[in-house]
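K.L.:
with the input below, show me the fold.
(one chain, ligands or ions: 2)
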Amino acid sequence: MNKPTILTGDRPTGPLHLGHYVGSLRQRVALQHDHQQYVLIADLQGLTDNGSNPQKIHDNIPEVLADYLAAGIDPRLTTICLQSALPALAELTVLYMNIVTVARVERNPTVKNEIAQKGFARSLPVGFMVYPISQAADITAFKAGLVPVGDDQLPMIEQTNEIVHKMNSLLSTPVLRHCQAMLSQTSRLPGIDGNAKMSKSLGNTLTLSASEEEIHKAVCAMYTDPNHLRVSDPGCVEGNVVFTYLDAFHPDTAKVAAMKTHYQQGGLGDRVCKNELETCLQELIAPMRERRNTFIQDKGALMAILREGSERAREVTQATLDEVKRGLGLPMLG
Ligand code: ATP
Ligand code: MG
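P.N.:
Numbers count the residues shown, from 1 in each chain. Ligands and ions are numbered 1, 2, ... in the order given. A predicted model of the protein is given here:
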């Protein structure tokens, strides 16, 4: 029986962080055993808002790959590939651009939000505006049915399915398949500063390679309940970043539930909660940091993994492009 296909990816704009881990990476590690999984390092998408700084994207490709391996993505089970090594993705993007209106692209709430955050105004790169179309090309080229992502990606999945519907209706026989987002329990991890989303662009991350000291400092500075002044005061757990993180990362859910009750009643101090969180984050990150430090030493081996995965992915994506071109009636001269 064919295994269900997964496609996910990350922009090589910096090392991966805890948001990636709970939002998507942890699921990918679990799913790779019984799915046909492709993971794409989206360097072209990374360039859409780093067009003047290609070095940054170049340098972060092995960093992201080392993070994948450290988190438990196994290249024997998952095909890890590089977006710029798969020309079919760019060709599909060009074809899809003709069936998406400017008005539709402008309506994407995640892109709108990112444009505002980045303060682009009139300097907005065309490529950035249309990156959801290229993401649709990525997903559909692999004929992925499942996409494990954070909730910022829901508008991209919706837009992808619209493209699938429209494109299939133009083809002599339907070729593209609809996809479904797969959200984790923590579909949006807030930043260590309490901002709604941990994101490389916002500089509020705790990376999977954070040092002991960085983890300690981040937890110490974390936002709790501003009205919880004395230990004996009843505290609020909603919107309290320490509890959001305990929910996301602490393996003992019963213990966290008991801590919440105690905190809400009064008598449980922020320091104790932060110590509990720090211990759990130190235990989670330390082994990943160590594995990553080993992997990053051998960039040649990392690039060999990427080359091998990209070769496999090139065949799959080219086959889909050929089917689409044929379905559109474009002459196949090659
Ligand atoms: P950038 O700021 O450069 O866009 P990013 O931190 O948003 O970087 P991406 O590479 O855009 O990271 O995201 C890769 C994947 O990780 C996506 O599926 C995204 O939904 C998920 N993800 C990123 N940040 C979070 C988060 N804070 N919580 C849950 N999922 C997240
Ligand atoms: Mg992002």
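K.L.:
in the stretch 101-250 of the chain, what residue lies closest to ligand 1?
P.N.:
Of all residues in the stretch 101-250 of the chain, Gly150 sits closest to ligand 1, at 2.4 Å by CB to the nearest ligand atom. (Glycine included, C-beta is placed from N, CA and C.)
K.L.:
give me every residue that touches that residue.
P.N.:
Gly19, Gly23, Ser24, Leu183, Ser184, Ser187, Arg188, Leu189, Lys197 (CB atoms under 8 Å, 6 or more residues apart in numbering).
K.L.:
not counting sequence-adjacent ones, nearest residue to the third one?
P.N.:
Pointing back at Ser24 there. Excluding its sequence neighbours, the residue lying closest to Ser24 (CB to CB, 6 or more residues apart in numbering) is Pro148, at 4.9 Å.
K.L.:
phi, psi of that neighbour?
P.N.:
The phi/psi pair for Pro148 (degrees, to the nearest 10) reads phi -80, psi 110.
K.L.:
dump stretch 270-285 to CSV, keeping only the CA atoms.
P.N.:
This file holds the C-alpha atoms of stretch 270-285, laid out as CSV (Å, rounded to 0.1, in the frame of the first residue of the first chain):
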residue,chain,number,x,y,z
ASP,A,270,6.9,32.3,39.7
ARG,A,271,10.4,31.3,40.6
VAL,A,272,9.4,27.7,41.2
CYS,A,273,7.4,27.6,37.9
LYS,A,274,10.4,29.0,36.0
ASN,A,275,12.8,26.5,37.6
GLU,A,276,10.5,23.7,36.5
LEU,A,277,10.4,25.1,33.0
GLU,A,278,14.1,25.7,32.8
THR,A,279,14.9,22.1,33.9
CYS,A,280,12.6,20.7,31.2
LEU,A,281,14.0,23.0,28.5
GLN,A,282,17.6,22.2,29.5
GLU,A,283,16.8,18.5,29.3
LEU,A,284,15.1,18.9,25.9
ILE,A,285,17.7,21.1,24.2
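K.L.:
now what about it, what contacts it?
P.N.:
18, 206, 208-210, 212, 215-216, 219-220, 222, 224-225, 228, 235, 242-243, 245-246, 249-251, 259, 263.
K.L.:
recalculate using a threshold of 7 Å.
P.N.:
With CB atoms under 7 Å, 6 or more residues apart in numbering as the test, stretch 270-285 has contacts from 208, 210, 212, 215-216, 219-220, 222, 224, 228, 242, 245-246, 249-250, 259, 263.
K.L.:
next: stretch 290-301.
P.N.:
Against stretch 290-301 from outside (CB under 7 Å, 6+ apart): Pro62, Ala66, Asp67, Leu69, Ala70, Leu208, Ser209, Leu302.
K.L.:
and the furthest pair within those?
P.N.:
Leu208 and Leu302 (15.5 Å; CB to CB).
K.L.:
what sits against the residue nearest to Ser24?
P.N.:
Ile6, Thr8, Ser24, Gln27, Arg28, Leu31, Met182.
K.L.:
ok, the third one to ligand 1 distance?
P.N.:
Put plainly, it is Ser24. From Ser24 across to ligand 1, the span is 5 Å (CB to the nearest ligand atom, to the nearest Å).
K.L.:
shouldn't that residue be in contact with Gly9?
P.N.:
No: counting by CB atoms under 7 Å, Ser24 sits too far from Gly9 to count as a contact (9.4 Å).
K.L.:
surely Asn168 touches His178?
P.N.:
No: under the criterion of CB under 7 Å, Asn168 makes no contact with His178, lying 9.0 Å away.
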